[in-house]
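> Output the structure for:
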Amino acid sequence: PAYIQRLKNNYPKWWLDRYLYGLWDNREELIYSEFNENMHVVDPIDPRIIPKSFLMRNGFDWGWVNPTANLWGFVDYDGVLTIYDEFYQNKTLPEQVAKECNRHGKIYTAADHAMKGLKMPTKDDENKTVWSELERNGMLLIPCNKEELSNIILVNSLMKPNKDFPRGKWQITRNCVNAIREIKTWKWKKIKLGADKNMPEEPVDKDNHCCDGLNYLVADLFGSKSFDYEKQQRYE
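Numbers count the residues shown, from 1 in each chain. Next comes the predicted model:
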């Protein structure tokens with residue numbers, strides 16, 4: 001009984017419906033099933049008043065044709081994560097991206113390590129990688145954990161209310177309009193009507209750039225250590 005109760009306390013509704021109750025009949029499931037706009041969206045925060053002792057982190061997803069997305073977050077003394085700003089723009093070169101992403105200071109940024117092998121989109125810089133150019137322009141990049149399903153469960157667990165935190169341990173300021181839009185609409189892939197199999201454990205890979213950044217940020221702060229975690233220590 002205690003094990004079952006722990007599952008109910010920590011896992012999101014969609015996971016409980018599938019793996020605890022055996023329900024697979026919802027074809028329109030949202031990824032972040034614990035998100036409640038009335039509960040989790042709060043007024044904007046002036047970054048200048050955030051205590052420097054709070055743990056700060058960015059979550060970053062690179063794009064060229066699709067938008068580059070960066071989310072700023074901090075963890076307060078109660079362990080509550082607040083997402084307080086965003087950058088969201090496409091066809092922006094690393095120099096400008098880095099300038100935007102450092103506008104609140106140089107903050108460790110959890111990002112997709114695949115950028116280490118991703119060539120620059122411009123012909124003059126095609127022998128350089130996006131990762132190296134972002135670092136050269138001042139970003140402090142940390143390779144993230146990309147275990148997508150685990151990261152989604154982790155984000156939902158922070159959003160989930162409990163007796164000690166009735167609003168959960170996660171919130172986002174309403175100026176993060178693109179992140180909120182994506183969080184409200186990101187869904188699991190559908191299966192064809194009549195298909196003789198369970199719903200796939202795979203999100204729709206569209207309009208999820210802020211969501212990827214959020215997953216990377218949360219995984220780095222609350223999940224297992226990132227692939228190159230020792231690199232963070234060398235920055236300090």
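
> okay, CA-based contacts and neighbour counts for the rest of this
Noted.

> Alpha carbons of the helix or strand hosting Ile4, in PDB - could you do that?
When elements are defined using DSSP states H and E, Ile4 is found to belong to helix 2-10. Only the C-alpha atoms of helix 2-10 are listed here, as PDB (Å, rounded to 0.1, in the frame of the first residue of the first chain):
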ATOM      1  CA  ALA A   2       2.800   2.400   0.800                       C
ATOM      2  CA  TYR A   3       4.400   1.800  -2.600                       C
ATOM      3  CA  ILE A   4       1.100   2.500  -4.400                       C
ATOM      4  CA  GLN A   5       0.600   5.700  -2.400                       C
ATOM      5  CA  ARG A   6       4.100   6.900  -3.400                       C
ATOM      6  CA  LEU A   7       3.200   6.400  -7.000                       C
ATOM      7  CA  LYS A   8       0.100   8.400  -6.600                       C
ATOM      8  CA  ASN A   9       2.000  11.200  -4.800                       C
ATOM      9  CA  ASN A  10       4.800  11.500  -7.400                       C
END
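
> Tell me the helices and strands packed up against that helix.
Under the contact criterion of 3 or more C-alpha pairs under 8 Å, 6 or more residues apart in numbering; DSSP states H and E, helix 2-10 touches no helix or strand at all.

> what's in contact with the helix or strand immediately after that helix in the chain?
Next along the chain after helix 2-10, taking DSSP H and E as the criterion, comes helix 13-15. Here helix 13-15 makes contact (C-alpha atoms under 8 Å, 6 or more residues apart in numbering) with Glu29, Ser33, Glu34.

> List the buried residues for whichever helix or strand comes after helix 13-15?
Next in sequence after helix 13-15, counting helices and strands by DSSP H and E, comes helix 37-40. Buried residues in helix 37-40, counting neighbours by 16 or more other C-alpha atoms under 10 Å, are found at His40.

> and helix 37-40, how far from the chain's centre?
Counting by C-alpha atoms, centre = their mean, to the nearest Å, helix 37-40 is centred 17 Å from the centre of its parent chain.

> Give me the mean pLDDT for that helix.
In this model, helix 37-40 carries a mean pLDDT of 94.

> mind exporting it as PDB, just the C-alpha atoms?
The C-alpha atoms that make up helix 37-40 are tabulated as PDB, following Å, rounded to 0.1, in the frame of the first residue of the first chain:
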ATOM      1  CA  GLU A  37      -2.700  27.600 -15.800                       C
ATOM      2  CA  ASN A  38      -4.600  29.100 -12.900                       C
ATOM      3  CA  MET A  39      -2.300  27.500 -10.400                       C
ATOM      4  CA  HIS A  40       1.100  27.500 -12.100                       C
END
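
> Next secondary structure element downstream of it?
strand 41-42.
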